[in-house]
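[1] no sequence for this one, just the structure:
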């Protein structure tokens, strides 16, 4: 039994198989009255039976009857005992779930399962995943693999009978972290559904403005052990902004685009202005400014496309690995280097400071919360500041006033989090995700991180210190930051225009073919509409099969992904939502929507990309 299971584990988890060969079994195994093995484990309260001493197989059958409801489900099983529940799910309930993640904290218990129950079928199923051992990071990596299934159906957590007694606290943490992961992914998906087309347009319109420009690979570890000051645009910035005047060239100042206006007004010249927001509102941060000073515009290709052309500064390109288009940019025209795009522009500024090698890193104006006494969402004088009245303790929402960019009030849902200066402070649900992202990055960065915001939400792992003290402690000597940056970040370098145009033309040609295929796919959906009475049998119809083949030809074309991946996200997301096998009308509607969206989107972007290919590229 053990050898057969171990070989099955080795096919997908070779490292785990090696560990199991060296792991001892701490379980006392013995036959149940019905024959299959059961066992007991020694706990602080004495021996505990893992399964029925009479019939563990029948016990698992009864247990799994209550696990899965009718409908679309991704199942996360916390604790596996000797594996009887896993085997029952795979053998007799496989049609009731799409993906299964099995989390078992105790490697010894997993070893005992390998010795007791034939789980080879589960190990060979690509939709069943195992996270074994006390490693929350590995669990989250496994969870990320099944995120498409989670986001297109429902997730169900289930704890086996002994899970709470043996490792309840660990499984509490697993549940909490996966919930946070799903919440963060849902926010990203919502952005893609709402703004995917704008993001894709920005990428292509920005291409001429990144070609030949310096990338972050050129500045990696350029400022080792130089203090960095990340200047966000929270309302606390109005209170301590002037303390930054003493930094000068003894530290690196990285301000988000929202706060640049305030720094310029105070006569403070940052070394970097970081811009990542893809919306048109982002352009307002630069309206009416004089560009006499010479900071560096650090931006990613998704930033609103008028900004790189509007701002006459040197550019630092922070490419993204998140989509096919930016990966293709890197492959064909780079390297610039990738930066992880956090939820907010301040997250990206924090990433840039780490790439530069800066230490310590000091947060300023990073409130990520609202003042319960009332005030504004951002520092006064910034483009997006909204006023609000005082917030009662425990309030579930707050009404934000209009700001200069829009003429509508905003009802913001609130959550309450620990404050940097003590007590609880209200924040939005999206800013709560930003706080968590900062917490994760601070824990992993290996740098001293200081929060000199002097207000707002607590970012766990940071040291709280007034800004004047941070400046006094770390800015006593000139570190020639500007000179070092000037030597590395220069104007645009020459690029091979002919090659650029040929690459772009290849993408445009793929989009042209995709338009033709989408039109053909639409005609097939129209033919199939009159045949819906056939039910699930319609899936075997030759016309249905040609429709699926047409979809796959478009979807699997790598250059179509390069051209329009994010612009098509809403259609793909709708297409991927699970439905019962016999819901052919619902599935046919998804094909129809996909083909229509593909036809119009590919036609529009083919025209845009062709124009980009004809545009003059700024080179010297």
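    Perfect, I can see it now. Remember, it's a predicted structure, so these values are computed and weren't measured experimentally.
[2] Could you pick out the longest strand of the protein?
    strand 410-418 (DSSP state E).
[3] Taking strand 410-418 as reference, get the angle to the helix or strand just after that strand.
    Counting by DSSP states H and E, the next helix or strand C-terminal to strand 410-418 is strand 424-428. Per axes from the mean of the first three to the mean of the last three C-alpha atoms, to 10 degrees, the angle that strand 424-428 makes with strand 410-418 is 140 degrees.
[4] Relative to the whole chain's centre, how far out is strand 424-428?
    Its chain's C-alpha centre and that of strand 424-428 lie 23 Å apart, by C-alpha atoms, centre = their mean, to the nearest Å.
[5] same thing with stretch 108-120?
    The answer for stretch 108-120 is 34 Å, by C-alpha atoms, centre = their mean.
[6] average pLDDT across it?
    Mean pLDDT, stretch 108-120: 92.
[7] buried sites along that stretch?
    For stretch 108-120, burial by neighbour count (16 or more other C-beta atoms under 10 Å) applies to 109-117, 119-120. Yep, even glycine has a C-beta here, placed from its N, CA and C like the rest.
[8] Show me what the longest strand of the chain is packed up against.
    Under the contact definition 3 or more C-beta pairs under 8 Å, 6 or more residues apart in numbering; DSSP states H and E, strand 410-418 sits against strand 397-400, strand 424-428, helix 429-445.
[9] need the helix or strand of the chain with the lowest average pLDDT.
    helix 147-151 (a mean of 82; mean pLDDT, DSSP states H and E).
[10] Can you name the residues in contact with that one?
    Residues from elsewhere that reach helix 147-151 (C-beta atoms under 8 Å, 6 or more residues apart in numbering): 74, 98-99, 127, 143, 181-182, 185-186, 189, 573, 576.
[11] returning to that earlier point: out of the buried residues of stretch 108-120, who's nearest residue 580?
    residue 119 (28.5 Å; C-beta to C-beta).
[12] can you pull the contacts of the nearest residue to the closest one once chain neighbours are set aside?
    Leaving aside its chain neighbours, residue 119 sits nearest to residue 83 (5.0 Å; criterion: C-beta to C-beta, 6 or more residues apart in numbering). For residue 83, the contact set (C-beta under 8 Å, 6+ apart) comprises 113, 116-117, 119, 122.
[13] Next one: residue 83 from residue 432, what distance?
    For residue 83, the distance to residue 432 equals 38 Å [C-beta to C-beta, to the nearest Å].
[14] What of residue 446?
    For residue 446 relative to residue 432 (C-beta to C-beta), the value is 25 Å.
[15] swap in residue 513?
    In terms of C-beta to C-beta, residue 513 sits 45 Å off from residue 432.
[16] more neighbours, the two?
    A direct count of neighbours by other C-beta atoms under 10 Å for residue 513 and residue 432 places residue 432 higher, at 19 against 16.
[17] ok, now which ones touch the nearest residue to the more buried one once chain neighbours are set aside?
    Leaving aside its sequence neighbours, residue 432 sits nearest to residue 415 (C-beta to C-beta, 6+ apart; 5.1 Å). The contact partners of residue 415, taken as C-beta under 8 Å, 6+ apart, are 426-429, 432.
[18] closest to residue 566 out of the helices and strands packed on strand 410-418?
    Between the helices and strands packed on strand 410-418, helix 429-445 lies closest to residue 566; by C-beta to C-beta that is 19.7 Å.
[19] Now render the contacts of helix 147-151 as TSV, adding pLDDT and distance to residue 251.
    Putting the contacts of helix 147-151 into TSV (pLDDT from 0 to 100; distance: C-beta to C-beta, whole Å) gives the following:
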residue	pLDDT	distance to residue 251
74	88	47
98	83	51
99	89	47
127	88	50
143	91	38
181	88	34
182	88	38
185	84	35
186	84	37
189	83	38
573	87	43
576	83	47
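[20] Mark which of those are part of strands, please.
    Filtering the contacts of helix 147-151 for strands - DSSP E - leaves 74, 99.
[21] domains for this protein, by residue range?
    2-184, 211-368+447-488, 497-614 (automatic domain parsing).
[22] Which one of these lies nearest to residue 436?
    Nearest to residue 436, of the domains of the chain and by C-beta to C-beta, is domain 2-184 at 6.1 Å.
[23] circling back to that earlier point, now, which of the buried residues of stretch 108-120 sits nearest residue 208?
    Once C-beta to C-beta is applied, the member of the buried residues of stretch 108-120 that ends up nearest residue 208 is residue 110, at 54.3 Å.
[24] what about the strand or helix carrying that closest one, distance to the chain center?
    Assigned by DSSP H and E, residue 110 falls within helix 107-116. Relative to the mean C-alpha coordinate of its chain, helix 107-116 is positioned 34 Å out (C-alpha atoms, centre = their mean).
[25] likewise stretch 172-181?
    With C-alpha atoms, centre = their mean, you get 15 Å for stretch 172-181.
[26] what residue ranges in this protein are flagged as low confidence?
    Within the chain, the segments meeting pLDDT under 70 span 68-72, 402-408, 615-620.
[27] the longest helix in it is where?
    Assignment by DSSP state H gives helix 163-210 as the longest helix of the chain.
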